[in-house]
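> Got a sequence here, can you build the structure:
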Amino acid sequence: MRELATATAEPQVCTLRRAVVSTLVYADLFDYPLTDSEIQRFLIGEAATTTRVTALLDGDARLRRHVERTGDWVHLAGRSHLAKVRRERAAVSAELWPIARHYGARIARLPFVRLVGVTGALAMNNAAAGDDIDLFILVQPGRLWLCRLLIVAIVRLAGRHGATLCPNFLLSTDHLRLSERNLFTAHEIAQMVPLTRTPWYDAFLDANRWVRDFLPNAFATASTTEARLDRRSAKRVVTRLLSTRLFDPFERWEMERKVRRLRARQGREGGSVAFSVHECRGHFAAHDARILATYSQRVAGSAAELS
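Predicted structure coming up:
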């Protein structure tokens, strides 16, 4: 019976071992060591408890040839310097969070805005000196580009005070389910930190349940904080006024004007972009494509070593 149990458990151990290494490989692309609980939360393609992950990290001899601990953090072998990097970037991130919250609150008060979230490096407390504050914003249908114009005004105001905001993803609330579904996008959704607690955050997660195919444990500790709605009458009045058909031509003009400029930038820089009445996603320079390509190559090499 013991031999049968061992034979049954071994494939499960191998699967979890590969998932742990794959997760650490992905984090390593961002120079980011992980705690045991973070490995569990962002475990790629495998549902598992933190207890099970820790037991494997501490007890699996084959895994220890590829993985090391430095303090509370786990990283790939030979990458112990990342502990210092994480401490340094945590300090930079701590300085950026008050700025992100301040301007995020200003954006949240604009007409048409339904949700403001921080994404990118800051969402993981992994911002380096000089990094932008990446923002994801849900907006009222039919006014995405007018809303973007208002947001740009706050971006410029922040820039005069030395803060670099990057609202690189605006999405209409009638098209919450993303068409681009890969590990990079799944991570962006899972690690996003909402600055405004509205029902739209939960609606967005529910519409993108495909994220769990990549990161099965990502939302196990999702917040259940009661939503707070913005009930300021001034915002409601302005929103209703700007939502009338009188401003439809201006919305179309602004979209056409800005899309021409963004397409020109895409031609110069490349990248993963989408511009429509429902979406403005400007991830230029193909950062996501490079990450995914490098990840695939390194995971393939790790799989050969672990087999």
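
> element containing the nearest residue to L29 once chain neighbours are set aside?
Distances taken as C-beta to C-beta, 6 or more residues apart in numbering place I291 nearest to L29, at 5.7 Å, with adjacent residues excluded. Where you see a C-beta, it was placed from the backbone N, CA and C, and this is true even at glycine. I291 is part of helix 287-306 when elements are defined by DSSP states H and E.

> Show me which positions of that helix end up buried.
288, 291-292, 295, 298-299, 302, 306 (16 or more other C-beta atoms under 10 Å).

> Ok, stretch 160-175 next?
Buried positions in stretch 160-175, judged by neighbour count with 16+ other C-beta under 10 Å: 163, 165, 167-173.

> and it, how far apart are its ends?
Using C-alpha to C-alpha, to the nearest Å, one end of stretch 160-175 lies 34 Å from the other.

> still on that earlier bit, so which one among the buried residues of stretch 160-175 has the lowest pLDDT?
pLDDT across those is lowest for N168, at 92.

> That one contacts R281, correct?
Yes - assessed by C-beta atoms under 8 Å, N168 is found in contact with R281 at 7.0 Å.

> residue contacts, the residue nearest to L195 when sequence neighbours are not counted?
Distance criterion C-beta to C-beta, 6+ apart; nearest residue to L195, sequence neighbours excluded, is G104 at 3.8 Å. G104 makes contact with 116, 118, 135, 195-196 under the criterion C-beta atoms under 8 Å, 6 or more residues apart in numbering.

> how about 7 Å then?
Contact analysis of G104 by C-beta atoms under 7 Å, 6 or more residues apart in numbering lists 116, 135, 195.

> for F42, same thing?
By C-beta under 7 Å, 6+ apart, the residues touching F42 are 23, 190, 215, 218.

> Secondary structure for these - can I get that in TSV?
Formatted as TSV, those follow (DSSP: H, G, I helix; E, B strand; the rest coil):
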residue	secondary structure
T23	helix
A190	helix
L215	coil
A218	coil
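
> Can you tell me which of those is nearest S272?
Using C-beta to C-beta, A190 is the member of the contacts of F42 that lies nearest S272, at 17.8 Å.

> Okay, helices next: where are they in this structure?
Counting by DSSP state H, the segments of the chain that form helices are 2-28, 36-41, 50-59, 61-64, 82-108, 120-123, 144-160, 183-191, 199-207, 211-214, 233-242, 248-269, 287-306.

> Compute the inter-axis angle for the fifth one and helix 144-160.
In terms of direction (axes from the mean of the first three to the mean of the last three C-alpha atoms, to 10 degrees), helix 82-108 departs from helix 144-160 by 120 degrees.

> Domain-wise, how is this protein divided?
Structural domains annotated on the chain: 2-80, 90-286, as defined by automatic domain parsing.

> For S93, see how far away the residue nearest to L195 is.
Noted for G104: a distance of 15 Å to S93, by C-beta to C-beta, to the nearest Å.

> again, but for C14
Per C-beta to C-beta, C14 is found 36 Å from S93.

> Which residue is the nearest non-sequential neighbour of the most centrally placed residue in the chain?
Nearest residue to the geometric centre of the chain (C-alpha atoms, centre = their mean): E188, 1.9 Å. Sequence neighbours aside, T119 is the residue nearest to E188 in space, at 5.3 Å (criterion: C-beta to C-beta, 6+ apart).

> Need the residues that contact stretch 273-289.
Residues from elsewhere that reach stretch 273-289 (C-beta under 7 Å, 6+ apart): 144, 148, 168-172, 174-175, 184, 255, 259, 262, 265-266, 269-272.

> Centre of the chain to it, how far?
The chain centre lies 14 Å from the centre of stretch 273-289; the measure is C-alpha atoms, centre = their mean, to the nearest Å.

> Can I get it as PDB, trimmed to CA atoms?
Once non-C-alpha atoms are left out, stretch 273-289 reads as follows in PDB (Å, rounded to 0.1, in the frame of the first residue of the first chain):
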ATOM      1  CA  VAL A 273      -2.400  48.100 -28.400                       C
ATOM      2  CA  ALA A 274      -6.200  48.300 -29.000                       C
ATOM      3  CA  PHE A 275      -8.200  51.400 -29.800                       C
ATOM      4  CA  SER A 276     -12.000  51.500 -30.200                       C
ATOM      5  CA  VAL A 277     -15.100  53.000 -28.800                       C
ATOM      6  CA  HIS A 278     -14.800  50.400 -26.000                       C
ATOM      7  CA  GLU A 279     -11.100  50.300 -25.200                       C
ATOM      8  CA  CYS A 280      -7.900  52.300 -25.200                       C
ATOM      9  CA  ARG A 281      -5.000  50.000 -24.400                       C
ATOM     10  CA  GLY A 282      -1.500  51.500 -25.100                       C
ATOM     11  CA  HIS A 283       1.100  49.000 -24.000                       C
ATOM     12  CA  PHE A 284       3.800  50.200 -26.400                       C
ATOM     13  CA  ALA A 285       7.300  48.800 -27.000                       C
ATOM     14  CA  ALA A 286       6.000  45.200 -26.900                       C
ATOM     15  CA  HIS A 287       7.100  44.700 -23.300                       C
ATOM     16  CA  ASP A 288       4.500  42.000 -22.700                       C
ATOM     17  CA  ALA A 289       5.500  40.000 -25.800                       C
END
